[in-house]
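Participant: Quick check, what structure comes out for this input:
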Amino acid sequence: MDRLHNTVRPYAWGSTTALPEFLGEEATGEPQAELWMGGHPLAPSRVDRGAGPAPLSDVIAADPAGELGDGPLDAFGPRLPFLLKVLGVHAPLSLQVHPDERQAREGFAREEAEGVPLEAAHRNYKDAHHKPELVCALTPFEGLCGFRPAAEAAQLLAGLGVDALKPYVDLLYARPEEGALREVLTAVLGADREQMAATVHHTAEAAGELAARGGEWAADYDCYARIAQHHPGDPGLVAAMLLHHVVLAPGEALHLDAGVPHAYVSGLGLEIMANSDNVLRCGLTPKHVDVPELLRIVRFTPGEPGVLRPEANGGGEEVYQTPTREFRLSRFALAPGSAPVDLRREAPQILLCGAGSVTLEGNGSRPGSEERLPLRRGESVYVPAGERVAARGDGTLFRATVPVGGD
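Facilitator: Prediction:
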């Protein structure tokens, strides 16, 4: 096992305190948004096997079969197929959606053939992979996820009493549900920006007033009013009102599949995703919004967000069950005096201490690998496929890995 040295990404929406507190470090006063753990080329974790720190991606590339195991290597090639992050969210992230495997592959090939530079602001597809995600709350975690039923969205908008929203309300009531949601999103994102800014201003004011009064939609209106403070005049606010407002308790999670619009609003969360950077934005951002391509990708089927809770799997493991092939997230609640938990697995793993303190024990057979490694909250390790490792302590240990066998 190898201790990971990870990079914190300082995006503007990040909290100045949440990640430093989680990592046990002094706050710098600057936003700290994402702690990355994995082999993504933009910010790979580093390990030291005796020759100095090296990117985890390079370590895996030097011996992919030994590091990944035959199953993950055959399925995903010589790379770690998932990326693990801790998110410290202070301001809302952009409203966004991810493509499925076919859409990502075709979109990437199309933009490559057109000669669109990878770093171009209007580029939609940075790679040929899909990007399913799972976010697990470490503190109360607030977000938007999936479309409300059209009639519910109509009631929410109508309750604001803003005349400029009435055409959208009428559409939501008058048409078949999926067609209504599509038509309203199309109209909102295609509207004149100056006219829409005035609508958004009145909508935000009304949401703030209704939130203060209390009532059935108070928490929802409060969320949208706070979003508007961070994104004044952005038409994405009206688009966001079409989505479910969700607050996860610590330990609860959401699985975000292809085509599902979503945004994170506040809180500290653990996120695992397929190792991709493909994002199409719907609003709440100054970045490029490709409306025609977005409408081709979004799934307009309404439905409940489907909050996940971990399920016991034996051996002290609790698993967040998803259909995703690239990743599997689970956790272990370790208690003092209990027998060590066997973590050996025929797939690569990243282990993160989420609370308390944990001690990992391994065979230390490789150069630079340690036999006994204590972890405090926020510290993590990488374990190659098949390596013997066990855990004991008084805390919570999260395991990110790849499904194998009957998982």
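Participant: Would you map the strands across the stretch 101-250 of the chain?
Facilitator: Under the criterion DSSP state E, counting those that start in this stretch, the stretch 101-250 of the chain carries strands at the ranges 133-137, 141-147, 243-248.
Participant: For residue 308, which of those is the nearest?
Facilitator: Closest approach to residue 308 among the strands of the stretch 101-250 of the chain is made by strand 133-137 (7.5 Å; C-beta to C-beta). Using the backbone N, CA and C atoms, a C-beta is placed for each residue, glycine as well.
Participant: Centroid-nearest residue for this structure?
Facilitator: Against the mean C-alpha coordinate of the chain, by C-alpha atoms, centre = their mean, the closest residue is residue 271 at 4.5 Å.
Participant: what about that residue, helix or strand, and which?
Facilitator: strand 262-274 (DSSP states H and E).
Participant: Residues in contact with the helix or strand following that strand: which ones?
Facilitator: Helices and strands here follow DSSP H and E; after strand 262-274, the next one along the chain is strand 280-283. By C-beta atoms under 8 Å, 6 or more residues apart in numbering, the residues outside strand 280-283 that reach it are 94-99, 124, 185, 189, 231, 234-237, 239-240, 261, 287-290, 293-294, 297-298.
Participant: Just give the strands next to strand 280-283 in its sheet, each with its orientation.
Facilitator: Counting by DSSP bridges, the strands paired with strand 280-283 are strand 95-97 (antiparallel).
Participant: How about residues contacting the strand it pairs with?
Facilitator: Identification of contacts with strand 95-97 by C-beta under 8 Å, 6+ apart yields 144, 236, 239-240, 243, 258-263, 279-285, 294, 297-298.
Participant: coming back round to it: of all the strands of the stretch 101-250 of the chain, which lies closest to residue 326?
Facilitator: Ranking the strands of the stretch 101-250 of the chain by their distance to residue 326 (criterion: C-beta to C-beta) puts strand 133-137 first, at 10.4 Å.
Participant: which other residues reach the closest one?
Facilitator: For strand 133-137, the external contacting residues (C-beta under 8 Å, 6+ apart) are 87, 98, 141, 143, 248-256, 264, 267-274, 308, 320, 322, 324, 327, 329, 398.
Participant: What's the local residue count around residue 263?
Facilitator: Residues near residue 263, counting by other C-beta atoms under 10 Å, number 24.
Participant: quick one, what contacts it?
Facilitator: Shown in contact with residue 263 (C-beta under 8 Å, 6+ apart): 92, 93, 94, 95, 96, 143, 144, 240, 243, 284.
Participant: any idea which helix is longest in the protein?
Facilitator: Longest helix in the chain by number of residues (criterion: DSSP state H): helix 193-213.
Participant: Which positions in it come out as buried?
Facilitator: 196, 199, 200, 203, 204, 206, 207, 208, 210, 211 (16 or more other C-beta atoms under 10 Å).
Participant: Was I right to think residue 157 contacts residue 165?
Facilitator: Yes: applying C-beta atoms under 8 Å, one finds residue 157 in contact with residue 165, separated by 4.9 Å.
Participant: about what we covered before: which secondary structure elements does the longest helix of the chain sit against?
Facilitator: Counting by 3 or more C-beta pairs under 8 Å, 6 or more residues apart in numbering; DSSP states H and E, the packing neighbours recorded for helix 193-213 are helix 218-230, helix 236-240.
Participant: Distance from the first one to the middle of the chain?
Facilitator: Yep, that's helix 218-230 we're talking about. Computed by C-alpha atoms, centre = their mean, to the nearest Å, the chain-centroid distance of helix 218-230 equals 21 Å.
Participant: Which residues does that helix contact?
Facilitator: For helix 218-230, the surrounding residues in contact (C-beta under 8 Å, 6+ apart) are 13, 91-92, 142, 144, 156, 160, 200, 203-204, 207-208, 210-211, 234, 237, 240-241, 245, 247, 265, 284.
Participant: Keeping just the C-alphas, turn that helix into CSV.
Facilitator: Below are the C-alpha coordinates for helix 218-230, written out as CSV (Å, rounded to 0.1, in the frame of the first residue of the first chain):
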residue,chain,number,x,y,z
ALA,A,218,-40.1,27.2,1.8
ALA,A,219,-36.9,25.1,1.7
ASP,A,220,-37.0,24.9,-2.1
TYR,A,221,-37.5,28.6,-2.5
ASP,A,222,-34.7,29.3,0.0
CYS,A,223,-32.3,27.2,-2.0
TYR,A,224,-33.2,29.0,-5.3
ALA,A,225,-32.9,32.4,-3.7
ARG,A,226,-29.4,31.5,-2.5
ILE,A,227,-28.5,30.2,-5.9
ALA,A,228,-29.6,33.5,-7.4
GLN,A,229,-27.3,35.5,-5.0
HIS,A,230,-24.3,33.6,-6.5
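Participant: And it, what's buried?
Facilitator: By neighbour count on 16+ other C-beta under 10 Å, the buried set for helix 218-230 is 220, 221, 222, 223, 224, 225, 226, 227, 228.
Participant: how near is the third one to residue 43?
Facilitator: When distances are taken as C-beta to C-beta, to the nearest Å, residue 222 and residue 43 turn out to be 34 Å apart.
Participant: quick one, helices of the stretch 51-200 of the chain?
Facilitator: Using DSSP state H, counting those that start in this stretch, the helices found in the stretch 51-200 of the chain span residues 56-62, 64-68, 70-76, 101-113, 150-158, 166-174, 177-190, 193-213.
Participant: Quick one: mean pLDDT for the second one?
Facilitator: Computed over helix 64-68, the mean pLDDT rounds to 96.
Participant: Neighbours of the nearest residue to residue 299 once chain neighbours are set aside, how many?
Facilitator: Closest residue to residue 299 apart from its sequence neighbours, by C-beta to C-beta, 6 or more residues apart in numbering: residue 259 at 3.4 Å. Using other C-beta under 10 Å, residue 259 has 18 other residues around it.
Participant: And for residue 292?
Facilitator: Residues near residue 292, counting by other C-beta under 10 Å, number 9.
Participant: and what of the one 3 residues further on?
Facilitator: For residue 295, the number of neighbouring residues by other C-beta under 10 Å comes to 16.
Participant: Where does it sit, in terms of helix or strand?
Facilitator: Element membership for residue 295 (DSSP H and E) is helix 291-297.
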